[in-house]
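1. have a look at this prediction, sequence included:
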Amino acid sequence: MKPNKKSSLIKRHKQTFIAIAASLCIMVIAYAFTKSVQKNLGAITGDYHIVKSWTLPSSLDEISGISWIGESTIACIQDEEGTIFIYDLDKKSIAKEIPFAGAGDYEGIVINNNDAYVMRSDGLLYEILNYDNDARDIKTFKTGFDASNNMETLAWNQELKALMTTPKDRDSNSDDYKGVYEISLQTKKASSIPLLKIDMNEKALDVYKHKKIYKTFNPSDVAIHPKTKEIYILEGKDPKLLVYDSSGNLKTLHSFNTAQFPQPEGITFSADGQLYISNEAKDGKATIYLVELQ
């Protein structure tokens with residue numbers, strides 16, 4: 001017996017309706033799952049855009065820290081040589097080299113007016129007064145950190161008129177957080193109480209969590225936005241950026257594409273709030289990026 005054309009048409013419409021309904025259900029479930037994931041992560045994931053890039057000379061292949069000077073110049077250090085390199089963004093070249101020490105693992109740099117400060121990975125702080133003068137005065141200070149902390153960060157806190165730093169590896173006080181500590185210019189010692197805590201159990205970091213909790217986030221540099229006073233903490237090991245408000249609350253996590261950011265190690269702001277991030281050479285050339293966060 002031939003099937004009734006009307007019943008066949010109804011059957012096809014019914015099947016189509018079921019398929020559409022099923023698709024809608026899947027979309028609703030997927031949306032709900034996505035919102036749930038965002039809720040668990042704090043819905044703080046942010047995007048970024050590389051506005052401009054500079055390819056650095058081989059002498060800066062191991063670039064480990066940067067600090068804005070002004071007039072399109074950035075002070076750079078690399079982790080093998082005790083020299084401050086002044087890089088001219090307009091001319092795309094090194095304008096000057098300023099030696100301050102011998103070979104060593106130099107990681108963080110701050111330029112504050114006429115003075116420079118450099119952090120060595122074992123926690124030794126170099127103070128270079130009148131750094132751009134032949135009669136510069138160089139002293140070293142033990143900050144309270146050591147090689148077990150693996151110090152890579154240094155920033156200037158304009159409000160406190162002090163330096164800031166945080167350990168890359170273990171915090172001496174706890175494996176559950178890494179504190180951002182103030183370093184007084186008077187004592188050159190790190191404070192015992194952190195200005196903020198990078199919580200290794202933060203929900204936004206769940207996807208990066210390691211069996212050894214202190215390995216969840218490994219700061220490579222720190223900077224403060226000159227206008228918003230937000231605190232930016234960079235990681236080079238698993239490239240990403242955490243942005244905290246001035247009260248120490250996590251606002252945004254920016255995960256970087258490793259093809260673009262193979263090893264981001266330095267971060268700084270221009271006076272008007274433009275963000276610059278440097279990358280060590282890793283299967284390519286070292287770079288500095290002008291980055292716009294979205």
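-> Received the coordinates, thanks.
2. flag the shaky bits of the stretch 1-150 of the chain, pLDDT-wise.
-> 1-45 (pLDDT under 70).
3. all strands of it, in order?
-> For the stretch 1-150 of the chain, strands defined by DSSP state E, counting those that start in this stretch occupy the ranges 45-46, 48-55, 63-70, 73-78, 81-88, 93-99, 106-112, 115-120, 124-129, 137-142.
4. mind checking these for the one nearest to residue 251?
-> strand 45-46 (8.6 Å; CB to CB). Heads up, the C-betas are built off the backbone N, CA and C, glycines and all.
5. thinking again about what came up before, between the strands of the stretch 1-150 of the chain, which gets nearest to residue 161?
-> strand 106-112 (8.8 Å).
6. relative orientation of the closest one and strand 124-129 in degrees?
-> 30 degrees (axes from the mean of the first three to the mean of the last three CA atoms, to 10 degrees).
7. strand 106-112 packs against which elements?
-> strand 63-70, strand 73-78, strand 81-88, strand 115-120, strand 155-157 (3 or more CB pairs under 8 Å, 6 or more residues apart in numbering; DSSP states H and E).
8. neighbours around the nearest residue to residue 240 once chain neighbours are set aside, how many?
-> Once flanking residues are discounted, residue 240 sits nearest to residue 255: 4.8 Å by CB to CB, 6 or more residues apart in numbering. Here the number of neighbours of residue 255 (other CB atoms under 10 Å) works out to 17.
9. again with the one 4 residues further on
-> When neighbours are defined as other CB under 10 Å, residue 259 has 8 of them.
10. re the thing from before, got TSV for the helices and strands packed on strand 106-112, with mean neighbour count too?
-> Shown next, in TSV, are those (neighbours: other CB atoms under 10 Å):
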stretch	mean neighbour count
strand 63-70	22
strand 73-78	24
strand 81-88	20
strand 115-120	24
strand 155-157	23
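11. which one, of those strands, ends up nearest to residue 166?
-> When those are ranked by proximity to residue 166 (CB to CB), strand 155-157 comes first, at 9.1 Å.
12. so what touches that closest one?
-> Strand 155-157 is contacted by residues 67, 108, 110, 112, 163-165, 182, 195, 221-224 when judged by CB atoms under 8 Å, 6 or more residues apart in numbering.
13. what pairs with the spatially most central residue of the chain across the strands?
-> Nearest to the geometric centre of the chain sits residue 234, at 1.2 Å (CA atoms, centre = their mean). Partner residues in beta bridges with residue 234, using DSSP bridges, are residue 221, residue 241.
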